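Engineer: build me a model from this:
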Amino acid sequence: MYQTLLSLPLFQGLSRDDVTRIIESTRLDFSTLRKGDVLCRQQQTCSNIYFVIDGDILSRTFDFNNQWALQEQVGKNSVIGLEVLYGRQRTYYATYTANSLTRILSIDKRTAGALFRFFEGMQIGAFNQLTTALATRERLLWLPPAISLRQRIVRFMLEHVKHPAGWKRFDISIATLGQYLGEDQRRISKALHDLQDDKLIYLSRRAIEIPAFEKLLQN
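Structural biologist: Residues are numbered from 1 along each chain as shown. Next comes the predicted model:
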């Protein structure tokens, strides 16, 4: 259990004595999800933070009008819910579903607060996670303008993904994407097919699948 905890965000950097104290005095809920099991749902009040010990989680986020959705993979050693544990917005941003046999560590809000108070290393770990995410979003505001339609499509995607790497899927119609970009559907379709010809995306009905988002950003 020591090595498991020390490999997870927020626990990294703690001493062996600190981890021993946590194990002896804290309720740590470990569980296993089967493929298709839902961990938590979008707009559900956040009462726990979750750590992915191993396995594969899919996040699915719908826009406010339920017109389109974004799917992303959440891998091993990820933390879910930290950014909405406190503050005004305290609901999960996505629905998280197991995509394989997945082990999860769950810590409720009250316990997490106690750990942050008593273990400075966990406070620092939480601040690192949150400030890194904030800085990443802030940098997007200062990127140079996207000139071509192809660049604008990629920028739209970049502005919505949580992690700019790995597998993604946008469940969105060409018509809806055209509304967001203020572009004719035929031009949107051509730009998307050009990206598909370059093997950067794969198109299906009302869906754009991206095998490796980092490669899309490089082109």
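
Engineer: in a helix, Gln129, correct?
Structural biologist: Yes: assessed by DSSP: H, G, I helix; E, B strand; the rest coil, Gln129 belongs to a helix.

Engineer: numbering from 49 from now on, please.
Structural biologist: In the new count, where the first residue is 49, that last one comes out as Gln177.

Engineer: count the neighbours of it for me.
Structural biologist: Neighbour count of Gln177, defined by other CB atoms under 10 Å: 15. For every residue, glycine as well, the C-beta is placed using N, CA and C.

Engineer: starting at the chain centroid, how far to the helix or strand of the chain with the lowest mean pLDDT?
Structural biologist: None of the helices or strands of the chain scores lower by mean pLDDT, DSSP states H and E than helix 50-54, at a mean of 85. Put simply, helix 50-54 sits 23 Å off its chain's centre (CA atoms, centre = their mean, to the nearest Å).

Engineer: hmm, who's touching it?
Structural biologist: Phe59, Gln60, Leu62, Arg64, Val67, Thr68, Ile70, Ile71, Ile101, Leu153 (CB atoms under 8 Å, 6 or more residues apart in numbering).

Engineer: buried residues, it. List them.
Structural biologist: Thr52, Leu53 (16 or more other CB atoms under 10 Å).

Engineer: for stretch 147-158, same thing?
Structural biologist: For stretch 147-158, by 16+ other CB under 10 Å, it's Asn147, Thr150, Arg151, Ile152, Leu153, Ser154, Ile155, Lys157.

Engineer: please parse the chain into its domains.
Structural biologist: 50-188, 197-265 (automatic domain parsing).

Engineer: look up how far Gln171 lies from Arg165.
Structural biologist: Per CB to CB, to the nearest Å, Arg165 is found 8 Å from Gln171.

Engineer: how about the helices in this structure?
Structural biologist: In the chain, the segments counted as helices under DSSP state H are 50-54, 64-73, 157-166, 168-188, 197-208, 222-229, 233-245, 261-265.

Engineer: please name the nearest non-neighbouring residue to Ile258.
Structural biologist: Nearest residue to Ile258, sequence neighbours excluded (CB to CB, 6 or more residues apart in numbering): Lys216, at 4.3 Å.

Engineer: could you give the bridge partners of that neighbour?
Structural biologist: Beta-bridge partners for Lys216, by DSSP bridges, are Glu120, Ile258.

Engineer: quick one: it and Ala117 touch, right?
Structural biologist: No: assessed by CB atoms under 8 Å, Lys216 is found out of contact with Ala117, at 11.2 Å.
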